[in-house]
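Participant: below are the sequence and a predicted model for it; my questions follow.
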Amino acid sequence: MKSVLLLGLGRFGKNLAIQLSSLGHEVMGVDINEDRVNDAMDIVTNAQIGDSTNEAFLRTLGVDGYDVCFVTISNDFQSSLETTCLLKELGASFVVSRAERDGQEKFLLRNGADKVVYPEKQVAKWAAIRYSSSHILDFLELDAKHSLYEVSIPEQWAGKSIVQLDVRRKYGLSIIGLRKDGAMNFMIKPDTILTQDMTLLVVGEDKAIQRCFRI
């Protein structure tokens, strides 16, 4: 369990609070809007109304005592930037800030953010890959070039073993897991025969995945 300071209780911030709370973390929610704070009272551990760009107010929160600080202020990049900077100046150990437009990430990183999330861009990429392919079921971006994919078994792979397909040599991909009947198996043998009721966890370069599965 971690202690989390969440600054900004708009739609993204509120949904983030729901997920954090469901994972068992202690969440202090803060917003300048009283209605948003009231709406989040049943979700977060504690909540306060306040201006996160006010240094005196931030000091009262003891920001250096939280494991993670999230800055999820909506539609006010100047306030998001000022809040991010103040958090670091006040000793926050780890700050995650939200970007809403291209170009904001670099400014947030330069002004104290340890990590930046860009929900609209990240979800758009996920949706484009997921729903434009007949094989990709899910994916997790690892860096700018590599991702972890869950893929269905192409028809021409059915009845063949993993060693016969030899995707590591042909494409530089690694099969690290196999799901069947909802159960995931990470102890895969080279002679495992694939069937179309299975899905695979595959990790590698995005371009290699696209070549392999003809995306």
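Facilitator: Cool, got the structure. It should be emphasised that the depicted structure is a prediction, and the values quoted were computed from it without experimental measurement. Numbers count the residues shown, from 1 in each chain.
Participant: check which helix or strand covers the nearest residue to Asn46 once chain neighbours are set aside.
Facilitator: Spatial nearest neighbour of Asn46, excluding adjacent residues (CB to CB, 6 or more residues apart in numbering): Met28 at 5.0 Å. In short, each C-beta sits where N, CA and C put it, glycine included. Using DSSP states H and E, Met28 maps to strand 26-31.
Participant: assign a three-state SS to the residue of the chain most remote from its centre, would you?
Facilitator: Of all residues in the chain, Gly159 sits farthest from the chain's C-alpha centroid, using CA atoms, centre = their mean; the distance is 35.4 Å. On the three-state scheme (DSSP: H, G, I helix; E, B strand; the rest coil), Gly159 is labelled coil.
Participant: isn't it right up against Gln196?
Facilitator: No - Gly159 is beyond contact range of Gln196, at 9.2 Å (criterion: CB atoms under 8 Å).
Participant: which neighbouring elements make contact with the helix or strand containing Val202?
Facilitator: Taking DSSP H and E as the definition, Val202 sits inside strand 198-205. Packing partners of strand 198-205 (3 or more CB pairs under 8 Å, 6 or more residues apart in numbering; DSSP states H and E): strand 146-152, strand 174-180.
Participant: export these to a markdown table and tack on mean neighbour count and distance to Ser132?
Facilitator: Output for the helices and strands packed on strand 198-205, formatted as a markdown table (neighbours: other CB atoms under 10 Å; distance: least, CB to CB, whole Å):
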| stretch | mean neighbour count | distance to Ser132 |
| --- | --- | --- |
| strand 146-152 | 19 | 13 |
| strand 174-180 | 15 | 22 |
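Participant: using a markdown table, lay out the ones you listed together with distance to Gln122 and mean pLDDT.
Facilitator: As requested, the helices and strands packed on strand 198-205 are exported to a markdown table (distance: least, CB to CB, whole Å; pLDDT from 0 to 100):
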| stretch | distance to Gln122 | mean pLDDT |
| --- | --- | --- |
| strand 146-152 | 12 | 91 |
| strand 174-180 | 22 | 92 |
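Participant: Leu87 is nearest to which of the ones you listed?
Facilitator: Closest approach to Leu87 among the helices and strands packed on strand 198-205 (CB to CB): strand 146-152, 30.4 Å.
Participant: and the average pLDDT for the very next helix or strand once past the closest one is what?
Facilitator: For strand 146-152, the following helix or strand on the C-terminal side (DSSP H and E) is helix 162-165. Per-residue pLDDT over helix 162-165 has a mean of 92.
Participant: just the C-alpha atoms of helix 162-165, please, in PDB.
Facilitator: Only the C-alpha atoms of helix 162-165 are listed here, as PDB (Å, rounded to 0.1, in the frame of the first residue of the first chain):
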ATOM      1  CA  ILE A 162       6.600 -23.000 -31.400                       C
ATOM      2  CA  VAL A 163       9.900 -24.400 -32.600                       C
ATOM      3  CA  GLN A 164       8.500 -24.900 -36.100                       C
ATOM      4  CA  LEU A 165       7.300 -21.300 -36.400                       C
END
